[in-house]
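[1] sequence first, predicted coordinates after that:
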Amino acid sequence: GKSEGRNVYRFFEPGMDALARARLTLETDLDTALKRQEFVLDYQPITNIASGEIVGAEALMRWNSPTRGLVAPDDFIAAAEDSGLIVPLGEWALKQACSVAAGWPPGMRIAVNVSAVQIRSADFARSVISALAVSGVSARRLELEITETVLMDESETVLKTLRQLRELGIRIALDDFGTGYSSLGYLRRFPVDKIKIDRSFIHDIDNRDTAAIVRSIIGLGAELGITVTAEGVETEAQLDILRKAGCVEAQGFLIGVPSKAADMARLLKSKAAS
Ligand code: C2E
Ligand code: CA
Ligand code: CA
Ligand code: CA
């Protein structure tokens, strides 16, 4: 079967090139890293543009490796997906993020990134429900960020899972919106509560055409009753354009960089108290 085919390549072979060897080593190291609890989540605040208030935070994974140093997710998530480790790793992230969010002020939302591979696993919905139950966080506070790759396979299983989670009150956000090929089509077919405009658009928002695209995504969201979040907001000028366009939420270095769980908890509590 498919899994046997995989295993054949789990050995170093003389014909393997350096890249393939490095990849194998990485996959093995990731497995060990999960057992040794070397992964951490940082949290980046998300703000409501109109009120200026923080409404939640996104959990972003890092690998604190004793040999490689602090490794960014872009350098290990793909390998974790290939090896299948993303399933237990993603499950850990969900549990961890929910238990951290349990200590936040009431109503504060927690957004967790979910890989397509993870969502396809049969146990996904159950693991989400379990993360909520164990932490005591209500479903309304949880947002799952998925990308188009999740929706691309159009499987009945994935659709069912998304519907089931949504019925519980969990929000589904479409991440990196605008970078794929047919985002608009997905909005029509899939249950989505939020779109996150990819940061490349915000970065180039000075450009007239880019600004027009951003404004139309915001308008589309309003028409469809979908919350629009702008990612990668770094300057007041960008935030100003977004505010005028009626964008609902913003996230980016201007609002806050990803920070340690303890620092995020302190920030959220100080805001809630003031
Ligand atoms: P993403 O979900 O689009 O997350 C936003 C990325 O943009 C984060 O990079 C964040 O640090 C960065 N960012 C935030 N504000 C700004 C800004 O103002 N300017 C710029 N230039 N960048 C900003 P990070 O943490 O390196 O994560 C990269 C990607 O890794 C994420 O992109 C997400 O796709 C993936 N990822 C992170 N954590 C997880 C996870 O727990 N599970 C899965 N499956 N993927 C994850
Ligand atoms: Ca995300
Ligand atoms: Ca994104
Ligand atoms: Ca991304």
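    Great, that's in hand. As the structure is a computational prediction, the values presented were derived from the model and not from experiment. Numbers count the residues shown, from 1 in each chain. Ligands and ions are numbered 1, 2, ... in the order given.
[2] whatever helix or strand Ala250 lives in and ligand 2, are they touching?
    Element membership for Ala250, per DSSP states H and E: strand 249-251. No. Using C-beta under 5 Å from the ion, strand 249-251 never reaches ligand 2; the gap is at least 8.8 Å. In short, each C-beta sits where N, CA and C put it, glycine included.
[3] list the neighbouring strands of that strand plus their orientation.
    strand 39-48 (antiparallel), strand 227-230 (parallel) (DSSP bridges).
[4] partners of the spatially most central residue of the chain in the sheet?
    What sits nearest the mean C-alpha location of the chain, by C-alpha atoms, centre = their mean, is Asn113, with 2.4 Å. Assessed by DSSP bridges, Asn113 has beta-bridge partners Glu145.
[5] Cys247: what's it in contact with?
    Ile49, Ile197, Val214, Ile218, Val228, Thr229, Ala230 (C-beta atoms under 8 Å, 6 or more residues apart in numbering).
[6] is the longest strand belonging to the chain up against ligand 3 anywhere?
    In the chain, assigned by DSSP state E, the strand with the most residues is strand 54-65. No. Judged by C-beta under 5 Å from the ion, strand 54-65 and ligand 3 are separated, with a smallest distance of 8.7 Å.
[7] briefly note if that strand comes near ligand 1.
    Yes. Strand 54-65 lies within reach of ligand 1 by C-beta under 6 Å from any ligand atom, at Leu60, Met61.
[8] phi, psi for Val100 please.
    Main-chain torsions, Val100, degrees, to the nearest 10: phi -70, psi -40.
[9] residues near the spatially closest residue to Ile146 that is not a sequence neighbour, how many?
    Closest residue in space to Ile146, ignoring its immediate chain neighbours: Val114 at 5.4 Å, by C-beta to C-beta, 6 or more residues apart in numbering. Using other C-beta atoms under 10 Å, Val114 has 24 other residues around it.
[10] what's Val114 in contact with, if anything?
    Gly90, Leu94, Phe124, Leu144, Glu145, Ile146, Val150.
[11] so what touches stretch 266-274?
    Pro45, Glu53, Ile54, Ala57, Trp104, Pro105, Met108, Gly256, Ser259.
[12] OK, contacts around the first one?
    The neighbourhood of Pro45, defined by C-beta under 8 Å, 6+ apart, consists of Ile54, Gly56, Ala57, Gln251, Ile255, Gly256, Met264, Leu267, Leu268.
[13] what residues are bridge-paired with it?
    Residues in beta-bridge contact with Pro45 (DSSP bridges): Ala57.
[14] contacts for stretch 121-133 next, please.
    By C-beta under 8 Å, 6+ apart, stretch 121-133 touches 87, 91, 94-95, 97-98, 114, 118, 137-139, 142, 144, 157, 161, 164-165, 168, 170.
[15] restricted to strands, list the residues you listed.
    Using DSSP E, these in strands are Leu142, Leu144.
[16] filter the contacts of stretch 121-133 to the buried ones?
    87, 91, 94-95, 97-98, 114, 118, 137, 142, 144, 161, 165, 170 (16 or more other C-beta atoms under 10 Å).
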